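In: one predicted model, sequence on top.
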Amino acid sequence: MRVIKVKDYERLSKLAAKIVATLIREKPDAVLGLATGNTPLGLYRELIRMHKEEGLDFSRVVTFNLDEYIGLPKNHPQSYHHFMWENFFHHVNINPSNVHIPDGNAPNIRQHCDWYEARIRKFGGIDLQILGIGRDGHIGFNEPGSSLGSRTRIKTLLEVTRRDNARFFDGKIENVPKYAITMGIGTILDAKAILLLASGESKADAIKKAVEGPITAMVPASVLQLHRDTTVIVDEAAAKYLELPWETEEDYERVESLFG
Ligand code: PGA
């Protein structure tokens, strides 16, 4: 596992965007796994800037989002469909038929989950999966206790996650859906490369457990230690409890310029 410690959220977002943009320039039809939440917003803003100012081309890029609430209309302001189109897709030249987000209103959710897995395979698998991390160590909506081999499926959300997300639902936990579709941990581990982003002190404990703790289903992100190409970018606040020195941004740039 590669862990890069950067100064703040802005550096985190810029470095993440550089990694994504490098992939897209090398492989214009790259398959990206995307995440919602506050953490990747800076990454999306920087990719939009690169599209507008540097001509970064998304026309052949294919995307698969990690998860979606079950039962929220697609145009609901808190649906992940709405989030992705508002914060990213509307602002770049992506082909809408290349965008995949689980459909929380599919008539047969289980069949839809199987279709989603098959669709990822059809495009040759995910080249780079972007992840945030929950305070409880979740990735996607794979809550603690999730099977480490799980595939795209229905998950019941833990109260801590619903409470964290209530801020987006008029502060009312009862408005936060109880169920979601999420790629499984096995689905995530199949990605060729993974980029996990974490910013702020509220993530420091989860990062410590995920990166330096034992691999356990109680901290789903810890399974990334088994993946051969995972990069974690953390800002100083999220890196607060890490004991190993890991890499600085300068170390990373030096290695990239020598061997990249
Ligand atoms: P956040 O969410 O980026 O809004 O902190 C991360 C997550 O819960 O996976």
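Out: Good, I have the coordinates. Numbering: from 1, shown residues only.
In: what about D170, is that helix, strand or coil?
Out: Here D170 is recorded as coil under DSSP: H, G, I helix; E, B strand; the rest coil.
In: tell me, how many residues neighbour it?
Out: Burial of D170 is recorded as 9 neighbouring residues (other CB atoms under 10 Å). C-beta here means a position set from N, CA and C on the backbone, and glycine is covered the same way.
In: for the ligand, see how far away it is.
Out: Distance, D170 to the ligand, by CB to the nearest ligand atom, to the nearest Å: 17 Å.
In: one more: R228?
Out: Relative to the ligand, and taking CB to the nearest ligand atom, R228 is found at 23 Å.
In: that residue: what secondary structure?
Out: coil.
In: who touches the residue in the chain that the ligand sits nearest to in this structure?
Out: Taking CB to the nearest ligand atom, the ligand has its nearest neighbour within the chain at G37, 2.8 Å off. By CB atoms under 8 Å, 6 or more residues apart in numbering, G37 lies in contact with G132.
In: in which helix or strand does it reside?
Out: Using DSSP states H and E, G37 falls within no helix or strand.
In: could you shift the numbering so residue one becomes 27, and keep it that way?
Out: Happy to do that; since the first residue is 27 now, the last one works out to G63.
In: wasn't R188 part of a helix?
Out: Yes - secondary structure assignment (three-state DSSP) places R188 inside a helix.
In: quick check: chain neighbours aside, which residue is closest to it?
Out: Nearest non-adjacent residue to R188, counting by CB to CB, 6 or more residues apart in numbering: V202, 4.2 Å away.
In: so what's the residue count around the one you found?
Out: Neighbour tally, V202, other CB under 10 Å: 21.
In: in contact with V118, which residues?
Out: Counting by CB under 8 Å, 6+ apart, V118 makes contact with 73-74, 77, 82, 84.
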